[in-house]
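K.L.:
coords below, sequence missing:
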């Protein structure tokens with residue numbers, strides 16, 4: 001019999017890639033979101049996880065062998081992030097029918113497990129890199145830890161296995177996603193080409209010149225499935241990155257080349273995208289109407305605030321993948337190929353000209 005999966009956050013970058021992989025592998029897939037997009041082979045579950053009763057009602061007939069949690073809701077403070085996002089995980093796991101056989105729950109968090117929220121940099125905290133899974137929690141408030149604790153408590157109660165997955169910035173396609181660097185940079189490059197503005201790196205000197213890595217959504221989906229199906233990976237936390245490292249001073253030029261632009265020289269001054277793109281909504285709408293694009297709303301495509309957070313870090317950020325390698329996960333994805341594949345998909349789907 002085919003296994004059954006519940007993908008939570010199916011409309012997002014990670015959730016949509018995970019659902020697509022599972023369908024391809026022959027799973028019966030239920031996709032949960034507040035407003036789930038239509039995905040081939042996915043049974044939509046429309047519910048707001050902040051509503052415990054509605055969540056239990058929506059999930060009463062869903063008995064998954066595996067649950068993939070790939071969603072969160074951004075709030076105005078870390079205290080609110082903790083309250084809202086932990087309750088969503090709790091409502092989800094409380095609302096599912098209790099497992100009558102083996103079940104695995106995979107939770108996607110990220111490198112803020114090691115970095116802390118962006119505000120933590122103001123305290124003078126500097127994490128050790130490259131990040132390794134045995135590094136403990138940072139002594140600051142962090143909603144990732146609250147989400148993990150909900151998974152751990154439910155696993156002890158219900159007897160399922162779990163895995164935690166910590167990607168770096170994820171490259172993939174989704175519309176209306178809160179964390180979407182690839183599409184944000186594609187929109188920014190398109191606007192620069194349209195207006196003649198310089199294609200200028202918006203971030204910090206540390207990010208421009210330092211080593212970094214990223215995570216392709218398809219590779220992350222493969223890692224989620226691998227951990228679900230690999231006994232040795234159960235009840236473990238993992239970093240998940242592409243396997244290569246790069247410097248933005250080279251990657252920026254490669255992105256510029258794809259869009260037919262010349263990368264502007266970087267003078268060491270930060271100029272955040274939120275500032276650069278503050279008045280670009282009308283420009284984007286004009287481009288979309290002229291070119292017949294599928295999404296004229298700039299805010300549905302670009303998440304400048306999140307790209308600024310990643311590119312504005314004052315430290316070098318690299319990630320160790322040895323734990324997964326030792327257990328047999330050997331997938332590799334060159335990051336420049338991941339960007340190019342995304343741009344080609346965005347163009348094919350008429351999201352950029």
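P.N.:
Everything's here; your move. All figures in this text were calculated on a predicted structure; none of them were measured in a lab. Residues are numbered from 1 along each chain as shown.
K.L.:
mind checking how far the residue most central in space within the chain is from residue 218?
P.N.:
Centroid-nearest residue in the chain, with C-alpha atoms, centre = their mean: residue 170, separated by 4.6 Å. Taking C-beta to C-beta, to the nearest Å as the measure, residue 170 falls 10 Å from residue 218. Where C-beta positions appear, they are placed from N, C-alpha and C, glycine not excepted.
K.L.:
going on from the lengthiest helix in the chain, what's the next piece of helix or strand?
P.N.:
When the chain is parsed with DSSP state H, its longest helix is helix 78-95. Counting by DSSP states H and E, the next helix or strand C-terminal to helix 78-95 is strand 104-108.
K.L.:
C-terminal to that next one, what's the next element?
P.N.:
helix 112-115.
K.L.:
contacting residues around that next one?
P.N.:
118, 127, 131, 135, 137-138, 142, 144-145, 166, 313, 317 (C-beta atoms under 8 Å, 6 or more residues apart in numbering).
K.L.:
Recalculate using a threshold of 7 Å.
P.N.:
Helix 112-115 has contacts (C-beta atoms under 7 Å, 6 or more residues apart in numbering) with 127, 131, 135, 138, 142, 144, 166.
K.L.:
From those, pick the one nearest residue 253.
P.N.:
Distance to residue 253, by C-beta to C-beta, is smallest for residue 131 among the contacts of helix 112-115, at 26.8 Å.
K.L.:
which one is the closest one nearest to, not counting chain neighbours?
P.N.:
residue 114 (4.5 Å; C-beta to C-beta, 6 or more residues apart in numbering).
K.L.:
Any figure for the gap between the one you found and residue 283?
P.N.:
In terms of C-beta to C-beta, residue 114 sits 37 Å off from residue 283.
K.L.:
cool, residue 55 as well?
P.N.:
Distance check for residue 55 against residue 283: by C-beta to C-beta, it reads 40 Å.
K.L.:
how many neighbours does the closest residue to residue 6 other than its chain neighbours have?
P.N.:
Spatial nearest neighbour of residue 6, excluding adjacent residues (C-beta to C-beta, 6+ apart): residue 64 at 4.1 Å. Using other C-beta atoms under 10 Å, residue 64 has 22 other residues around it.
K.L.:
got the contact list for residue 64?
P.N.:
Residue 64 touches 4-6, 30, 103, counting by C-beta under 7 Å, 6+ apart.
K.L.:
those strands in this protein, which residues are they?
P.N.:
4-8, 28-33, 42-46, 66-69, 104-108, 161-167, 170-171, 211-212, 215-216, 236-240, 246-247 (DSSP state E).
K.L.:
what's the neighbour count on residue 240?
P.N.:
28.
K.L.:
Revised request: answer the last question for residue 285.
P.N.:
Residue 285 has 15 neighbours, counted by other C-beta under 10 Å.
K.L.:
Not including adjacent chain positions, what is the nearest residue to it?
P.N.:
Closest to residue 285 by C-beta to C-beta, 6+ apart is residue 296, at 4.7 Å.
K.L.:
need the contact list for the one you found.
P.N.:
284-285, 288-289.
K.L.:
which of those residues count as buried?
P.N.:
In terms of neighbour count (16 or more other C-beta atoms under 10 Å), the buried residues within the contacts of residue 296 are 284, 288.
K.L.:
Which one of the contacts of residue 296 is nearest to residue 73?
P.N.:
Minimum distance to residue 73 across those is 25.0 Å, recorded for residue 284 (C-beta to C-beta).
K.L.:
The closest one and residue 296: what is the separation?
P.N.:
7 Å.
K.L.:
likewise residue 169?
P.N.:
From residue 169 across to residue 296, the span is 26 Å (C-beta to C-beta).
K.L.:
that older thread, compare neighbour counts for residue 114 and residue 283 and give me the winner.
P.N.:
Between residue 114 and residue 283, counting by other C-beta under 10 Å, residue 114 is the more crowded of the two (23 against 16).
K.L.:
Against residue 72, how distant is the more buried one?
P.N.:
From residue 114 over to residue 72 (counting by C-beta to C-beta), the distance is 17 Å.
K.L.:
now residue 251
P.N.:
For residue 251, the distance to residue 72 - C-beta to C-beta - is 26 Å.
K.L.:
More neighbours: those two, which one.
P.N.:
More crowded of residue 251 and residue 72, by other C-beta under 10 Å: residue 72, with 21 against 18.
K.L.:
Noted, bye for now.
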